[in-house]
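Student: Pasting a predicted model and its sequence here:
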Amino acid sequence: MDQRHLQAFVTVAHERHFGRAAERLHLTAPPLGRMIRALEDEIGTPLLTRTTRRVDLTPAGAAFLPEAQAILTHLDVAASLARRTAAGEAGQLRLGYVGAAQTRLVPRLWRRLHGSHPDVQLHATELCTPDQRQALLAGELDAGLMALPVWHDELCAQLLTRIPLLAALPADHALAGRAHLRLRDLAGEEWLTCTPNATTLPPEQVQALCQAFGVVPRTRAVGGTESAVVGRVAAGLGVTLVPQTLVNPQQDGVSFVPLLDEVTLDVGVVTRRDASNPALAPLLAHLAALADP
């Protein structure tokens, strides 16, 4: 059904006069009449009765008019939404984030984005870094707040914040009573790292951190949440690094010890290099404003 024919019918129905309707539509009466007849032929019944002085609606035309108006309104709304989505003013954003970003970044980002772009719907899901990376590459996320570094040619990252890391040791560990530790003090330990749905450091971040301080770690992957990894520490199965924002001082069987090496969890925003979602622009601008100086 031609939108121009609908608009012609609605205009004639409002004006009840072909001449005035044609003037409003910047047409002459003959092409306007042809549009109305084409619409009536398509529907299969007359919509208007015509006299020399007046145009009236048939019962079918009276029933059709509000529906035709609603169609035109919906088309206008759809066109406006398409333009605003293309401009990044509306749309959907799928964001992943590690647990350590929950307190520092995610709530403030949500408030800022909702304040500036209320028609951009942000869908945020807590995922560990490996899961976020996989989801980005699969096109299931638009951006991720994850532990850096992330090594992949199709992804690009921007550092946002550095969160201090503490060593998590079994409470009966020989080093658990220390006021401070260095990473090299733990060189001989087995490091517990995350697999999907955990928020402790994934293997590549542990490797990068330890190697920066001259330590070559032995790692073991643990499934489950961050609390499951810390639970393995409590059971004496190894050590791990926990972001300061996730430390639970009431955790039984675990000692959290600060590190003198100024070791941090570097959290950044990661996107695909070929990202095309226009709503990413305001998201990245707000994250840049929230980044540590």
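Tutor: Looks like it came in fine.
Student: how about the helices in the chain?
Tutor: Assigned by DSSP state H, the chain shows helices spanning 3-15, 18-24, 29-43, 59-86, 101-104, 106-116, 129-137, 203-212, 226-234, 280-290.
Student: And these: which comes nearest residue 183?
Tutor: When the helices of the chain are compared for distance to residue 183 using C-beta to C-beta, the nearest one is helix 203-212, at 6.0 Å. For glycine as for every other residue, the C-beta is placed from the backbone atoms N, C-alpha and C.
Student: re earlier: which of the helices of the chain sits closest to residue 251?
Tutor: Ranking those by their distance to residue 251 (criterion: C-beta to C-beta) puts helix 226-234 first, at 6.0 Å.
Student: Report the distance from the closest one to the chain centre.
Tutor: The chain centre lies 29 Å from the centre of helix 226-234; the measure is C-alpha atoms, centre = their mean, to the nearest Å.
Student: Mind giving me the packing neighbours of that helix?
Tutor: Packed against helix 226-234, as judged by 3 or more C-beta pairs under 8 Å, 6 or more residues apart in numbering; DSSP states H and E, are the following elements: strand 155-170, strand 190-194, strand 218-222, strand 240-243, strand 254-258.
Student: Tell me where the stretch 1-150 of the chain is predicted with low confidence.
Tutor: Across the stretch 1-150 of the chain, the stretches falling below the confidence threshold (pLDDT under 70) are 52.
Student: just to revisit the earlier point, and the helices of the chain as TSV, adding mean neighbour count?
Tutor: Below are the helices of the chain laid out as TSV (neighbours: other C-beta atoms under 10 Å):
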stretch	mean neighbour count
helix 3-15	19
helix 18-24	17
helix 29-43	15
helix 59-86	13
helix 101-104	19
helix 106-116	15
helix 129-137	21
helix 203-212	18
helix 226-234	21
helix 280-290	16
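Student: Dump these into a markdown table; add distance to residue 253 as well.
Tutor: Converted to a markdown table, the helices of the chain look like this (distance: least, C-beta to C-beta, whole Å):
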| stretch | distance to residue 253 |
| --- | --- |
| helix 3-15 | 69 |
| helix 18-24 | 80 |
| helix 29-43 | 76 |
| helix 59-86 | 51 |
| helix 101-104 | 24 |
| helix 106-116 | 29 |
| helix 129-137 | 26 |
| helix 203-212 | 22 |
| helix 226-234 | 3 |
| helix 280-290 | 35 |
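Student: quick one, what contacts the closest residue to residue 121 other than its chain neighbours?
Tutor: Counting by C-beta to C-beta, 6 or more residues apart in numbering, residue 92 is the residue found nearest to residue 121 once chain neighbours are left out, at 5.2 Å. Under the criterion of C-beta atoms under 8 Å, 6 or more residues apart in numbering, the contact list for residue 92 reads 120-121, 123, 279.
Student: still on that earlier bit, which one of the helices and strands packed on helix 226-234 has the most crowded surroundings?
Tutor: Of the helices and strands packed on helix 226-234, the one with the most neighbours on average (mean count of other C-beta atoms under 10 Å) is strand 240-243, at a mean of 26.
Student: So in that sheet, which strands flank that strand, and in what orientation?
Tutor: In its sheet, strand 240-243 lies beside strand 155-170 (antiparallel), with partners assigned from DSSP bridges.
Student: okay, the angle between the strand it pairs with and helix 129-137?
Tutor: Between the axis of strand 155-170 and that of helix 129-137 there is an angle of 160 degrees, by axes from the mean of the first three to the mean of the last three C-alpha atoms, to 10 degrees.
Student: what about strand 155-170, distance to the chain center?
Tutor: Chain-centre distance of strand 155-170: 21 Å, with C-alpha atoms, centre = their mean.
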